[in-house]
Each structure stands twice: as C-alpha cells, then as structure tokens.
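# structure for this input, please:
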Amino acid sequence: MKYEYKELKLGDNIEKMIDIIGAENLKFNSLMVRIEYEEGDIDNKKTNYTYVSAHILTGKVVFIHTRNKEFHPVEDLKIGTLLTEKLKKKYELYLDEDSYNVYLSRKYEKFALILELGEESVNYTETVCGYTFDNQNSVNYLNEDKVKDYLECENFEDIFYSLNRYGIISVDLEKKEIIGELYRHRIVFDLFTKKLKIIKSIDTEENNNSTKTWLLDKLDEMQFGIAFPTQEFSHKVKNFSEDKKFDMLGIILWFFDKKSHTMKFDTEEERDRDKVVERLYRLMNL
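This next block holds a predicted model:
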C-alpha cells in the first residue's frame, strides 16, 4: 500500500504540495503550525471530504485524510465495502482504543480505516467510509532552541521552540516565506530550505506608542519590584484580536522564562508558570 492520495504522499515536501494543490488552495494554521488543504464539509457524509497537512518544522506532508468515493488505496477496501473478518485478517486491522469507528493496521502502520457503523444491534455492520495516512509522530518537537541568542540563528529549526512558545509564526505562501516575530524582531526564513533570509528590528517609530512598547517598558520596571499593571493591561488589550492577545502573552512569558521567573500581581507574587498563564488568560478573556 502506498500512503498516497492524488500524487501526494506522506513525506512529500511542501514545494510539491504547492505544485500539486496550488498555493491559492492552501492556508496556514498558526495554532498547529501547519500548511493545510481542506475540501468539502467534514460534517456532511455526502461530500467527498479531504484534508491534507504539512508541518513547517519538517517541511513535509504528515497527514492525509479523505472520504473521496473515487479514491481507494487498495482494490478491496473501496468506500462502501462491508468490512469482513477476512479483510481484517488480511490487513491485520485492529480497533483503535480511542475511536469507536477507526481501525488501525499492524501491516501498514501509517494507515487507518474509517468506518460508518450500522445502527441495527442484530445485523450490525461496519462499512468503509474513509481513509487516513498518518505520520504525525515523525515531527520531533524541540524542547529548547539550538542557539543561545535568537539573533544568531541560521535556520528556522534553530529558534522554532522560542518562536512557537513565545512569538508569532506566519507563512506567506505567495512569497514562500516563514515569518517569525520575537521580542522586537521580525525574522524571515525560506519556506522550502528553512534558511534565514533576514532579521530586522520592528520599526521603533511605528511602535513608540503601541501597547507592545508599553508592555516591554512595564516588564522592565517589574525587575525593580513594581507590580504588573493588571487593570491597565486588561483595558489596553480588550479590543485586540485573539492573535494579537497571544502576541502579548508570548512577550510576557518570554520575560517570565528568560528573566524574572516570577510575576508580581498587586501585592501577590506568583512563581508558578501555569498559574501565571491562567491569570493572564483571564485578564485577556482568552
């Protein structure tokens, strides 16, 4: 069995994904840090739903799911086929412990079979209704940066940890660029090679009166024992988009992890990172 759908298979690079699907049909999911393609309605069983994603850390396709009736990975597992004990044995299928309608395969470890279950308790049936090719475990999430100073990075992987945890990551599919923003700097990488293209300071004149500049100044003051200005901060960010709120959160957590290791709220001092995050979430209505 090939882990392949319409000439695109697990492990193919993002460049091939763009060539086959087209940049105009793709979108970047900042939460999952993936480039995605989606067609059809996942909640409508009558549509030929398809979802494909590539993780930008590896630059490769890691997940394919389809319910396209015109596609089948093997001849005897077409959509609409009743799943028999003979087929289960042939493909070494076993029920996924976490999903009542998904079979995994010992023979093809990256393959999953999606089923539509009959409602009859007596004449119970399992019918093939979709397929998944899954290689998400190939993504090795780093737990630290590869360089001590993010301004000395040479490629995206060097500072992925900090960008993903404290900064903002976006993708310009037209320019084929990964754009990272971290602590007053915009860092641009080539989407295909992951190599650094440019690091530039965010225009200070443009941001002199911005909330970000105000926040950075307040964080600096906190090193001298001044409490975090909770009410003022909450007021400043109340009309922000969710992305911009997470930008503010990233700056505060960068300061907490790299410099202070504590946050003073009014008369209360907090050293537990999770509790700091919880409190900031409430302040920003996230």
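
# which pLDDT value goes with residue 231?
Residue 231 is assigned a pLDDT of 87 by the prediction.

# what kind of secondary structure is it in?
Here residue 231 takes the helix state, with states given by DSSP: H, G, I helix; E, B strand; the rest coil.

# and it, how close does it get to residue 246?
21 Å (Cβ to Cβ, to the nearest Å). To be clear about C-beta, it is placed using only N, CA and C from the backbone, and glycine gets the same treatment.

# between the two, who's got more neighbours?
More crowded of residue 231 and residue 246, by other Cβ atoms under 10 Å: residue 246, with 17 against 9.

# just how off-centre is the helix or strand in which that one is found within its chain?
Using DSSP states H and E, residue 246 maps to helix 242-255. A distance of 17 Å separates the centroid of the chain from that of helix 242-255, by Cα atoms, centre = their mean, to the nearest Å.

# send the alpha carbons of it over as PDB?
C-alpha atoms of helix 242-255 as PDB (Å, rounded to 0.1, in the frame of the first residue of the first chain):
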ATOM      1  CA  GLU A 242      -7.000  36.800  19.500                       C
ATOM      2  CA  ASP A 243      -3.700  36.600  17.500                       C
ATOM      3  CA  LYS A 244      -2.600  40.000  19.000                       C
ATOM      4  CA  LYS A 245      -3.500  38.900  22.500                       C
ATOM      5  CA  PHE A 246      -1.400  35.800  22.100                       C
ATOM      6  CA  ASP A 247       1.400  38.000  20.900                       C
ATOM      7  CA  MET A 248       1.200  39.900  24.200                       C
ATOM      8  CA  LEU A 249       1.100  36.700  26.100                       C
ATOM      9  CA  GLY A 250       4.200  35.400  24.300                       C
ATOM     10  CA  ILE A 251       6.100  38.600  25.300                       C
ATOM     11  CA  ILE A 252       5.200  38.200  29.000                       C
ATOM     12  CA  LEU A 253       6.100  34.500  29.100                       C
ATOM     13  CA  TRP A 254       9.400  35.200  27.300                       C
ATOM     14  CA  PHE A 255      10.100  37.700  30.100                       C
END
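
# after that helix comes which helix or strand?
The C-terminal neighbour of helix 242-255 among helices and strands, as given by DSSP H and E, is strand 263-265.

# ok, residues contacting that following strand?
Around strand 263-265, the neighbours that count as contacts under Cβ atoms under 8 Å, 6 or more residues apart in numbering are 222, 225-228, 230, 252, 256, 269-271, 276, 279.

# put the buried members of those into a ChimeraX selection.
Of the contacts of strand 263-265, the buried ones go into a single ChimeraX selection, burial set by 16 or more other Cβ atoms under 10 Å:
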select :222,228,252,256,270,276,279
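
# list just the nearest of the contacts of strand 263-265 to residue 35.
In terms of Cβ to Cβ, no member of the contacts of strand 263-265 lies closer to residue 35 than residue 252, at 28.5 Å.

# correct me, but the closest one touches residue 215?
Yes. With contact defined as Cβ atoms under 8 Å, residue 252 counts as touching residue 215 (7.3 Å).

# could I get the full set of helices for the stretch 151-286 of the chain?
With DSSP state H, counting those that start in this stretch as the criterion, the stretch 151-286 of the chain has helices at 160-166, 204-207, 211-222, 230-237, 242-255, 273-284.

# okay then, goodbye and thanks.
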